[in-house]
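Engineer: Compute the structure for the input listed below.
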Amino acid sequence: MATKLSLGDAQKIKSLVDRYRDKKQQQLLQTFQKSVLVAINESADLMQLTHTIRSRIKDPDHLRNKLLRKMAKCEEKGTEFDITPQNLFTAVTDLAGIRILHLHTKQVKEIDGHLKSIIAEQGLGLLEGPFARTWDDEYRKLFESFGFETQPSERMYTSVHYVLTDKAQGSFTCEIQVRTLMEEVWGEVDHTMNYPTPSKSLPCREQILALARATSTATRLVDAIFETMNDFGNKKPSKKKAQPEP
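Structural biologist: Predicted coordinates for the structure are as follows:
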């Protein structure tokens, strides 16, 4: 980060990252994430809609950068930076992350139903979601028709988010993202060179924006292919008139 930290702020960040690195806390976080993963993988209905499941635990250096960004925003807005070692694992909701990748957009409605069933069956808490981040007005309307809250996406990606907690203790959170394979391609490219620190290359940043638009177009095409196939499958075969015998 370009902003020079005061000694006190630097110590705050260090104490938070040290807390996150604590082996016992890491083990508990990973155990919670694995329990959610097992529940997802054991849902036959959900797995039928899923192409791939990915998971990760946030890298400590990435956490440090995120905390620095949050601290800078608080200073800019004149608000209190209220993340402490005691609330770190709930105040930062994406320390554990699971990503459910699927093929076409309308699947997300069914996925939502199965996820909510898993949450209820496992005694988990739903802290946030489902909410969809998107920059595309047409997809915003679609998600709203599903009853999802929508949020603007300045970085031009589309994804549905949930934040779960271990309801019994409320000590840890896990973020679940649901997105199409096409959106995942854009995300992988963007995260490789443009996030969390934007690329210094203006042409590169512009090309990534162009890729976001191309991704949206490709997603529409995939959606249209599945719609066409569904329409074809739903059509009743026409009854052929009996031909008179010669």
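Engineer: what's near enough to touch the residue nearest to the spatial centre of the chain?
Structural biologist: The chain has residue 177 as the residue nearest its centroid, 2.4 Å off, counting by C-alpha atoms, centre = their mean. Applying C-beta atoms under 8 Å, 6 or more residues apart in numbering, we find residue 177 in contact with 97, 98, 99, 100, 159, 160, 161, 162. C-beta: built from backbone N, CA, C; applies to glycine.
Engineer: one more time with 7 Å
Structural biologist: Counting by C-beta atoms under 7 Å, 6 or more residues apart in numbering, residue 177 touches 97, 99, 159, 160, 161.
Engineer: wait, is it part of a helix?
Structural biologist: No - using DSSP: H, G, I helix; E, B strand; the rest coil, the assignment for residue 177 is strand, not a helix.
Engineer: Would you mark the buried spots in the longest helix seen in the chain?
Structural biologist: Longest helix in the chain, counting residues (DSSP state H): helix 202-234. Neighbour-count burial for helix 202-234, counted by 16 or more other C-beta atoms under 10 Å, picks out 208, 211, 212, 215, 216, 218, 219, 220, 223.
Engineer: so what does that helix touch, helix or strand wise?
Structural biologist: helix 181-193 (3 or more C-beta pairs under 7 Å, 6 or more residues apart in numbering; DSSP states H and E).
Engineer: who touches the helix it packs on?
Structural biologist: By C-beta under 7 Å, 6+ apart, helix 181-193 touches 51, 101, 103, 157-159, 199, 204, 208, 211-212, 215, 218-219, 222.
Engineer: Now find how far off-centre the longest helix of the chain is within its chain.
Structural biologist: 18 Å (C-alpha atoms, centre = their mean, to the nearest Å).
Engineer: Same check on stretch 167-181?
Structural biologist: 9 Å.
Engineer: tell me the mean pLDDT over it?
Structural biologist: Averaged across stretch 167-181, pLDDT comes to 89.
Engineer: May I see the buried residues of it?
Structural biologist: 172, 173, 174, 175, 176, 177, 178, 179, 180.
Engineer: distance between the ends of that stretch?
Structural biologist: 31 Å (C-alpha to C-alpha, to the nearest Å).
Engineer: Check the burial of residue 61 by counting its neighbours.
Structural biologist: Neighbour count of residue 61, defined by other C-beta atoms under 10 Å: 9.
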